[in-house]
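K.L.:
A structural model of the following input is requested.
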Amino acid sequence: MLKIKFIFLFSIFFLFSSSSYIYADSDTDLEILKLEAVVDFPEKISFIFEGETDKKISDIKVNFKTGDRKTLQYGYMDYKTEQNNFVSGVMDFRINTTGGFIPPGSTINWHIIVYFDDGTQYISEDIEFVMLDTRFDDWEFVEGDYVRIYYRYSKSRAEKLLSECEILMIDMAPIVDISTSTTYKKIHMTLYNNYTEMLGAIRSKSKTSDRELVTAGQAFDESSVVLVLAGKTDIGTATHEIMHILVGRKTEGSINLPLWLNEGLAEYANRDTTITYDLYLDWAIGTNQLKPLSQLQTFPGDPKLTLVSYGQSRSVINYMIDNYGEDKMNLLLTYISKGNTIDEALISTYGFDIKALDNNWRKSIGAGQYKPRENETITVLKKNPIIDSTFRPTNWIIISLVGLFLVYLFAVGVIGLRDNK
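P.N.:
Reported below is the predicted structural model:
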């Protein structure tokens with residue numbers, strides 16, 4: 001009886017489906033000869049298909065997903081049918097654009113759907129590959145339980161970084177809920193030997209920052225990829241950027257995650273103790289340059305004030321964790337992942353809003369409450385008691401000139417009357 005019901009339900013589904021699906025492991029009139037992706041970083045990925053079929057093809061679609069992205073990207077192949085029913089097609093996806101950029105080290109999963117004129121479809125098996133920076137062809141990798149590092153030349157440096165990153169993952173688990181499952185999706189790091197090599201792979205933040213600050217690393221949450229510049233600060237850079245990925249996963253990429261919280265947590269995770277923003281923070285306190293947390297949704301364009309913002313963000317996170325613990329921070333991120341605003345999440349977790357947090361933190365470092373600088377705000381009233389719209393110097397000048405002109409005309413008229421007499 002159960003078997004009959006199953007067949008009946010399947011028959012209904014098949015009857016109301018708009019088309020039939022033919023999967024890669026079933027008998028079909030389509031024979032796949034080639035299905036591959038060719039990377040030309042940083043320009044494009046070419047998805048290539050070759051096959052043979054007696055059927056007439058109406059379209060060939062490429063579906064692909066990068067890293068942890070929840071949505072598929074897609075495009076349609078340019079294809080042609082030649083003699084002996086041979087079909088070839090290609091779809092180029094540009095990765096040198098702002099919207100299409102894919103960082104090197106990304107895992108890409110893709111397949112094609114071949115649409116036939118008779119309404120049937122062929123869906124290929126999924127193909128997965130790691131897209132590397134193809135400007136260099138000698139990449140190797142080392143990996144642990146949580147991180148894989150792609151490197152060139154220096155295996156010892158890569159192994160040292162890997163050790164620090166694996167420790168970081170364990171240390172940050174109470175805050176970001178890192179799973180110990182063997183199916184945990186590893187973070188990929190691409191390690192560059194010098195800035196010239198790395199320059200073609202990073203995304204520009206601003207012309208001023210590009211000119212005055214060397215980008216030592218970047219994180220790409222949706223791709224689970226970090227790019228790191230090898231050197232004396234690479235441990236700090238690597239652990240900072242990996243924490244961005246972990247926070248992004250914990251908050252599920254929420255747009256309600258404020259920049260100060262994201263960057264502050266990344267600096268809290270920074271395992272390079274030689275990096276300090278204390279001097280910039282002290283300078284900002286003395287010159288009243290600290291911005292209120294509510295305004296740290298983006299960092300200033302001024303490189304010096306950007307460093308202040310990093311130091312400020314780290315100090316706030318240290319204050320929160322030192323006084324309330326890692327469990328509270330975990331709960332705060334959980335509320336943000338559920339769509340709460342930062343004020344809602346703070347109140348639900350700690351019982352106070354962002355303004356109270358700001359003032360409490362400022363008091364703890366001896367900065368005092370936030371006061372706008374005298375030259376920051378100019379208030380313009382509709383009716384200013386000193387400069388009123390009906391009382392302007394320019395108006396009086398015009399009135400005076402008109403008055404003098406009338407006097408002149410009157411005088412001329414009087415003189416003319418005397419002459420006539």
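
K.L.:
which stretches of the protein form helices?
P.N.:
Using DSSP state H, the helices found in the chain span residues 2-16, 155-171, 173-176, 195-199, 207-212, 234-250, 259-268, 278-286, 303-324, 326-337, 342-350, 354-365, 393-420.

K.L.:
using the record, which stretches count as separate domains in this structure?
P.N.:
16-131, 136-250, 251-376 (automatic domain parsing).

K.L.:
mind putting these into JSON lines with mean neighbour count and mean pLDDT?
P.N.:
C-beta: built from backbone N, CA, C; applies to glycine. Below are the domains of the chain laid out as JSON lines (neighbours: other C-beta atoms under 10 Å; pLDDT from 0 to 100):
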{"stretch": "domain 16-131", "mean neighbour count": "16", "mean pLDDT": "89"}
{"stretch": "domain 136-250", "mean neighbour count": "18", "mean pLDDT": "89"}
{"stretch": "domain 251-376", "mean neighbour count": "17", "mean pLDDT": "91"}
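
K.L.:
before we move on, the earlier item: of the helices of the chain, which is nearest Thr134?
P.N.:
The minimum distance between Thr134 and the helices of the chain falls on helix 195-199, with 12.7 Å, by C-beta to C-beta.

K.L.:
run through who's touching that closest one.
P.N.:
Arg135, Phe136, Tyr192, Val214, Thr215, Leu227, Leu229 (C-beta atoms under 8 Å, 6 or more residues apart in numbering).

K.L.:
repeat that with 6 Å
P.N.:
Helix 195-199 is contacted from outside by Tyr192, Leu229, using C-beta atoms under 6 Å, 6 or more residues apart in numbering.

K.L.:
cool, stretch 257-272 as well?
P.N.:
164, 168, 172, 233, 235-236, 239-240, 243-244, 247, 251, 293, 296-297, 310, 313-314, 316-317, 336, 342.

K.L.:
quick one: Lys304 from Gly368, how far?
P.N.:
21 Å (C-beta to C-beta, to the nearest Å).

K.L.:
right, I mislabeled it, should have said Phe220
P.N.:
39 Å.

K.L.:
and what of Thr276?
P.N.:
23 Å.

K.L.:
how about Asn256?
P.N.:
29 Å.

K.L.:
check Lys70 too.
P.N.:
Lys70 is 44 Å from Gly368, by C-beta to C-beta.

K.L.:
one more: Arg362?
P.N.:
Counting by C-beta to C-beta - Arg362 and Gly368 are separated by 6 Å.

K.L.:
over to Lys232?
P.N.:
36 Å.

K.L.:
and what of Met189?
P.N.:
When Met189 is compared with Gly368 (using C-beta to C-beta), they lie 41 Å apart.

K.L.:
repeat that for Lys160.
P.N.:
Counting by C-beta to C-beta - Lys160 and Gly368 are separated by 43 Å.

K.L.:
ditto for Asp145
P.N.:
Distance from Asp145 to Gly368, by C-beta to C-beta: 46 Å.

K.L.:
what of Ile60?
P.N.:
From Ile60 to Gly368 the distance is 66 Å (C-beta to C-beta).

K.L.:
likewise Ser224?
P.N.:
Taking C-beta to C-beta, one finds Ser224 at 42 Å from Gly368.

K.L.:
ok, Thr341 next?
P.N.:
Between Thr341 and Gly368 the computed distance is 27 Å (C-beta to C-beta).

K.L.:
and if you look at Asn318?
P.N.:
As defined by C-beta to C-beta, Asn318 lies at a distance of 19 Å from Gly368.

K.L.:
before we move on, what about Asn288?
P.N.:
Asn288 is 9 Å from Gly368, by C-beta to C-beta.

K.L.:
who's Ile127 bridged to?
P.N.:
Trp110 (DSSP bridges).

K.L.:
look up how far Tyr74 lies from it.
P.N.:
For Ile127, the distance to Tyr74 - C-beta to C-beta - is 15 Å.

K.L.:
do Ile342 as well
P.N.:
35 Å.

K.L.:
pLDDT score assigned to Phe8?
P.N.:
As predicted, Phe8 sits at a pLDDT of 34.

K.L.:
cool, the one 5 residues further on as well?
P.N.:
pLDDT for Phe13: 34.

K.L.:
mind listing what Glu326 touches?
P.N.:
Glu326 neighbours (C-beta under 6 Å, 6+ apart): Pro174, Ile175.

K.L.:
hey, what's the spatially most central residue of the chain bridged with?
P.N.:
What sits nearest the mean C-alpha location of the chain, by C-alpha atoms, centre = their mean, is Phe220, with 6.1 Å. Phe220 has these beta-bridge partners by DSSP bridges: Val225.

K.L.:
for Ser154, see how far away it is.
P.N.:
Counting by C-beta to C-beta, the gap from Phe220 to Ser154 is 23 Å.

K.L.:
ok, now Pro103?
P.N.:
Separation of Pro103 from Ser154 (C-beta to C-beta): 21 Å.

K.L.:
could you do His244 as well?
P.N.:
With C-beta to C-beta as the criterion, His244 and Ser154 are 24 Å apart.

K.L.:
same question for Thr276.
P.N.:
Using C-beta to C-beta, Thr276 is found at 26 Å from Ser154.

K.L.:
again, but for Gly253
P.N.:
33 Å.

K.L.:
the strands in the stretch 1-150 of the chain, which residues?
P.N.:
Taking DSSP state E, counting those that start in this stretch, the strands of the stretch 1-150 of the chain run over residues 21-23, 30-40, 44-53, 57-66, 73-76, 78-81, 86-94, 106-116, 121-123, 127-131, 140-143, 147-151.
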